[in-house]
Structure formats: C-alpha cells, structure tokens
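[1] Show me how the following folds:
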Amino acid sequence: MAGINRFCVMATLQAARAHLLGLKLEEAYSWGLNKAIFYAAAKRGFKGGSGRTSELKATENRPPEARPDVFRLGDDIAFGEVRGGRMVFTIGGKVQSEAEFKRQVASRFGEKFSAAWRDALDLLRNYDRDTLLSQNAFYRDVYKPNRDSLVEKWSGLVDAQVKKEKTAGRPSRP
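    Predicted coordinates:
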C-alpha cells in the first residue's frame, strides 16, 4: 500500500472545494485530481508535457467565452470538456475522470475514503466562500497549514483499518 501523501490530500481537498462551490461529485473528483497533478507538475517545474501550460497562462486575460475549453472555478482555471453531460478536466491532453480519481486517490484510503471525504468537507466549511474561490488563498490558508496534519490523520485511519483487517484474518490491500 502506497499510503496517504500530500498528493492525496491536495486531490481530496480540491475535490471537496469544487463540490462545495457547486460542481457535481463526479466533476469535483475530476477537478481535484486535475489540480493535484497541476501542483505536482508545478513543484517539478513542468518538465515535459504538451506545452499547454503557456496556453493556460495566455488565456488568463481573455474572457472565458473566448476559450470554451477553459473552465473557471473562482479565479482558478483548468482545461475541461463536456463528456456524457459532465465536465471533465484535462491536463497535458489527458482526462482526469472520476474513475481516475478513485484509482489514483480514493483507492489509497480503502474503506476509509468516505471518512476522509467528510473530514475534508467539514474542514472547508470553516472557511468563507471568498477563500474557497481564490486559488492563492485556498493554497495558502487551507491546504498549506493543514496538509501535513491531514497526511498524518488520514494515514492513521488507513493504518488502523489495515490492522483491523489483519486481526480479523482478512487479507490486507496491496
């Protein structure tokens, strides 16, 4: 089991943020994974990829209707497209679907994802709407001060579940 890390925390908090700001759950999961991938790439310096990062920066001053593939959530933006009546977000030409969120993020929590999801929603309800609408305020005031404590808390949830499964004789997750 790979465990809970900052990537999982970012994806979960971003998904909860998007959901509280009005995205449907499936769309919110897509947003959360998209933003976690974006921040991970930013940390590495956007090595490789399709070069769409410069395209994204170039769209910031354009009205949204000039770029129908750009979705805005507050002052945050991401490339997106509608598939099956739902918005899905893309980065580097790859779609971040609900299924991908579940595979890359939720699966690390096992049965404890719903508890972590409730924690994320409860945490975000302590912040005003303007903080959630601001990319910088969200990162600075919500994610950054809480990320390590959430890694520890959520890892503890998962570890306790794995220990419980082992003592009950059930096979643990890989």
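
[2] where in this protein is pLDDT low?
    1-2, 46-68, 169-174 (pLDDT under 70).

[3] The longest helix anywhere in it packs against which elements?
    Using DSSP state H, we find that the single longest helix of the chain is helix 144-167. Judged by 3 or more Cβ pairs under 8 Å, 6 or more residues apart in numbering; DSSP states H and E, helix 144-167 is in contact with helix 6-20, helix 107-109, helix 113-124. Bear in mind the C-beta positions are built from the backbone N, C-alpha and C, glycine included.

[4] which parts of that helix are buried?
    Asn146, Arg147, Leu150, Val151, Trp154, Ser155, Leu157, Val158, Gln161, Val162 (16 or more other Cβ atoms under 10 Å).

[5] For the third one, which residues are in contact?
    Shown in contact with Leu150 (Cβ atoms under 8 Å, 6 or more residues apart in numbering): Ile4, Val9, Leu13, Asp119, Ala120, Leu123.

[6] ok, which pair from the residues you listed is furthest apart?
    Ile4 and Leu123 (15.0 Å; Cβ to Cβ).

[7] When these two are compared, which one has more neighbours?
    Ile4 (24 against 14; other Cβ atoms under 10 Å).

[8] who's in contact with the more buried one?
    Arg108, Phe109, Ala116, Leu150, Val151, Trp154, Ser155, Val158.

[9] Dump these to TSV, plus distance to Lys166.
    Formatted as TSV, the contacts of Ile4 follow (distance: Cβ to Cβ, whole Å):
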residue	distance to Lys166
Arg108	18
Phe109	17
Ala116	21
Leu150	24
Val151	22
Trp154	19
Ser155	16
Val158	13
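
[10] Nearest to Thr167 among the residues you listed?
    Val158 (15.3 Å).

[11] Next one: that closest one from Arg108, what distance?
    7 Å (Cβ to Cβ, to the nearest Å).

[12] Is Arg72 part of a helix or strand, or is it coil?
    strand (DSSP: H, G, I helix; E, B strand; the rest coil).

[13] Pull the number of nearby residues for it.
    14.

[14] Just list whatever residues bridge to it.
    Ile77 (DSSP bridges).

[15] Can you tell me how far it is from Phe113?
    28 Å.
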